[in-house]
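[1] Next comes the sequence, and after it the predicted model I'd like to discuss.
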Amino acid sequence: MIEGSYHFSLTSYRIMQVALIVDALSNLAARLDSPIVPVRPLRIAIQRFCSDRPVFTPLHTGLAKLALLAKLYKEPLPVLDVDVEDIDPSLGVDIENFLSYYYYASMIYIGNKNHGRALELLSVAISAPSQAVSLIQLESYKKYVLVSLLHNGKLHTVPKYTANVVLKSIRRHCSQYIEFAEVYENQNIEELTAALEKRRIVFVKDNNFGLASQCLRALQHLKIQGLTKTYITLSVTDIVDKAGFTGSQASAEVGKSILEMVQQGRIFASIEHTGPGEHEQMVSFYDNPDSYDTSASLASLNDKMTRAAQVGERLGRQDKSTSLNRDFLSRMLLMGDGAQMPAMYEDEVDIMVDDDGRLYA
Amino acid sequence: MEDTQMDKATVLVVEAPANLDLESYIANYRGHTKISRACFIAERCPSLEVEAYKLALAETQLNTEDTRKYEHIAIQLNAALRARNEPEIAVDKEWIQNTQRQTKATTEKLEAELRNYKNNMIKESIRMGHNDLGDHYYNCGDLANAQRSYTYTRDYCASSSHIVEMCLNVIKVGIEQRAFSYLHNYIVRAESATDIPNKTVTASKLKCCSAIAHLESNHINKYKHAAKLFMEVSFDMDNSFNEVLAANDVAVYGGLCALATFDREELKTKVIDNSKFRSYLELEPQIRELITSFYNSKYNTCLQILKEYKNDFLLDMYLSAHVETLFDMIRKKALIQYFTPFSAIDLNVMAQSFSTHIKDLENELAKLITENHIQARIDSNKKILRVCEHQQDQRKLVFDRAIATGEEYQRESKALLLRLSLIKADMIVK
């Protein structure tokens, strides 16, 4: 399903003339063996089509997949960064398109080292409404485990509305990954290295070995980050020891890691050379200097509040339209006065209702 | 027998303790505890093994009719002697045979009597009959049957003192079986009995049992509960409960648990100023010194005493499993208390007060900081521990948390809306 080539079938594809061109473009790309060609046109097409409302189109999947093949990780971002809000089946999309899009898009974000966003997209794919399990969901979960470790140092739980079939299947088919995460959470570099080696074949087969290997470095970074909460100053040699670096280049690597983390804004530190040798380097850790008292940080806070308010508004609209919906009302009536509203959303049981909202006899 | 062998595999070997005089220690106890404690020591401490087994063997032969235990101990003792190339002792076969014969006769006699009482339907006699049978089984080391007989008396208890007697018997057997989980019911039942003779002593005994049961539970605050119970034990009990606990044990168990869990104020009001418990502390002056030195912030002395007595504690039947945890807790508390009045402290000085190496101290403190016991950071360069500025942190924390919550809310809401759209469009994985 993942490796299979993507092509638009004309029957499911009635809406856009332009899409035909894109289809042709992607065929051309396949012929020329150069997936770069259609990426930009696709992006522009989507942006034009979705300018008024972010609706999901079959082009989304094509864009994400072709961009991934072409290794153009930056080009599709303007489209991927916009959250899809609407699904319109008349555009000829199906659940497979949908899952593939989230899977491919998450991989593009992983390529961009934006693990937080990748995690978000993967969790959408995993928790999509399901009566059966799609392979894409399983593959998504495997990546989800690893990205979750890279991003936060621990395995996140999936949303609680994830379908039971999916959860069961995850437990059965992704146990290697879950065990790996458990080892990771013990925060022991040696154990993790051993665990990685032990699962090498599985990870390589799933094309996840690279991602899994990054976990080692991520754990070292996590440990350095922990040290900043405990120490004000610490010598590089001590960090080598405490964060589990090994090898002859260990102190150089620590220096590199600290630089990298400072650049990412994960820690605030400076390295002082107190003597000529590299063993006499002293690292000083600082608190995050941003204490939310500058105009810039307040502005960003404001911005976040506005966005949250917008989401709240959408929720409100949805709530209103749902509560005016005929099916919904009839179901509420069926459940009687004592029924609790929120239970409705989680209730998977279908009550047979005919067009007039009456129970089938 | 099987489980003692299993124990052996996991048991740690304890070196000869500095402060233990085996004979006088064992003489503190009465009944089966004597044997259990001697065996416990023998299994763990090679240097005392022979002596302890000999004591246990003599006690078994003298005061019980438990031939199985006798044989078992004899085998262990001879194994120990063999390993030391010393002459083995002869097993008293005659005693075994005689005792077995007698035991059988007594069982039959008591059972016949009991049947007789039952026919006559005299409640008190039936109770006595069950009780005697229970005592007899207990004496023979048949704990399961003893427990059953004691439990049967429950239906024939006419007064609250009978109930207390029944409960204490059941508890006694339960403790020996190390089946602590169901003791609680009987303790509560006995405690609720009114107008019984020497109420304070009985209440104290029950508190001791309850405290021991707490120690063996998995409760998160078990040490604190145990400590509180030990503090309430009246000195009237003294050594009268020594078939389970000697008075010295109350001081040791109570003192250690209190030290590990009480804060400074509690230590003062509930331990040091507690007249009941003070009498117990007189019996174990080192525990008194331990507590006062801790209270007076002389941590070095305190830790020194702990170190000196560690092996003794490790050889105590009920304490052994908890020694490491309790010591750890006490040490942590000492470190935290030591640091409390300072805003910055030189690690060299601190290391000296705890007679430890600065490197180890740094690691210990790092752990305490990570576990959020002290709000401070280590300046490893200058070897100084500094308190973090609180206020700044709090304000920032609030902002951080608010932003995280807000983003979580957005993400979740958007995901839910999208899911709703999917369901509406009937796009479901099938």
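    Everything's here; your move.
[2] Shouldn't A:I271 be within a helix?
    No: counting by DSSP: H, G, I helix; E, B strand; the rest coil, A:I271 is not part of a helix but strand.
[3] who does it bridge with?
    A:V283 (DSSP bridges).
[4] Just give me the neighbour total for A:G244.
    Counted with other CB atoms under 10 Å in any protein chain shown, residues neighbouring A:G244 total 19. For every residue, glycine as well, the C-beta is placed using N, CA and C.
[5] now A:Q310
    So A:Q310, with other CB under 10 Å, has 11 neighbours.
[6] residue contacts, B:E191?
    Neighbouring residues of B:E191 by CB atoms under 8 Å, 6 or more residues apart in numbering or on different chains: B:203, B:206.
[7] Need the pLDDT of it.
    With respect to pLDDT, B:E191 scores 83.
[8] go on, A:V82?
    Looking at A:V82, its pLDDT is 88.
[9] Show me the domain layout of the chain.
    Since no chain was named, I'll use chain A. A:10-183, A:231-286, A:328-361 (automatic domain parsing).
[10] Actually, chain B is the one I wanted.
    As assigned by automatic domain parsing, chain B contains the domains B:218-339, B:342-387.
[11] Of the domains of chain A, which stretch is the most buried?
    Highest mean neighbour count among the domains of chain A (mean count of other CB atoms under 10 Å in any protein chain shown): domain A:10-183, with a mean of 19.
[12] still on that earlier bit, need the domains of chain B in CSV with distance to chain A and mean pLDDT, can you?
    Formatted as CSV, the domains of chain B follow (distance: least, CB to the nearest CB, whole Å; pLDDT from 0 to 100):
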stretch, distance to chain A, mean pLDDT
domain B:218-339, 14, 88
domain B:342-387, 4, 85
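[13] among the domains of chain A, which is nearest A:S321?
    Nearest of these to A:S321, taken as CB to CB: domain A:328-361 at 9.4 Å.
[14] tell me the mean pLDDT for that closest one?
    53.
[15] Pull up the gap between the closest residue to A:V236 other than its chain neighbours and A:T228, please.
    In this structure, A:V236 finds its nearest non-sequential neighbour in A:Q281, 4.1 Å apart by CB to CB, 6 or more residues apart in numbering or on different chains. Distance, A:Q281 to A:T228, using CB to CB, to the nearest Å: 16 Å.
[16] swap in B:L365?
    Distance of B:L365 to A:T228, computed by CB to CB: 15 Å.
[17] same question, A:L333
    For A:L333 relative to A:T228 (CB to CB), the value is 58 Å.
[18] Next: B:K228.
    Taken as CB to CB, the span from B:K228 to A:T228 is 40 Å.
[19] same check, this time on A:R172
    Distance of A:R172 to A:T228, computed by CB to CB: 40 Å.
[20] immediately after the longest helix anywhere in chain A, which helix or strand?
    As assigned by DSSP state H, the longest helix anywhere in chain A is helix A:295-324. Using DSSP states H and E, the helix or strand that directly follows helix A:295-324 along the chain is helix A:326-335.
[21] can you give me the strands in chain A?
    Taking DSSP state E to define them, one finds strands in chain A at A:55-56, A:86-87, A:231-235, A:268-273, A:281-286.
[22] who wins for proximity to B:S192 among the ones you listed?
    strand A:231-235 (55.1 Å).
[23] any idea how far A:I224 lies from A:S134?
    39 Å.
[24] Point out the residues in the stretch 1-150 of chain A that sit beside chain B.
    A:83-89, A:93-95, A:98-99, A:120, A:123-124, A:127-134, A:137 (CB under 8 Å from any CB of the partner chain).
[25] from these, which ones fall inside helices?
    Per DSSP H, the residues of the stretch 1-150 of chain A next to chain B map to helices at A:95, A:98-99, A:120, A:123-124, A:137.
[26] quick one: which of those is nearest to chain B?
    In terms of CB to the nearest CB, no member of these lies closer to chain B than A:I95, at 4.4 Å.
[27] Spatially nearest residue to that closest one, not counting backbone neighbours?
    B:M427 (4.4 Å).
[28] hang on, that neighbour is in a strand, isn't it?
    No: judged by three-state DSSP, B:M427 forms no part of a strand; its state is coil.
[29] tell me the contacts of it?
    A:87, A:89, A:93-95, A:98, A:128-129.
[30] backbone phi and psi for it, please?
    For B:M427, the backbone dihedrals (degrees, to the nearest 10) come out as phi -100, psi 100.
[31] Which secondary structure element of chain A has the lowest mean pLDDT?
    Across the helices and strands of chain A, mean pLDDT, DSSP states H and E gives its lowest value to helix A:341-346, namely a mean of 46.
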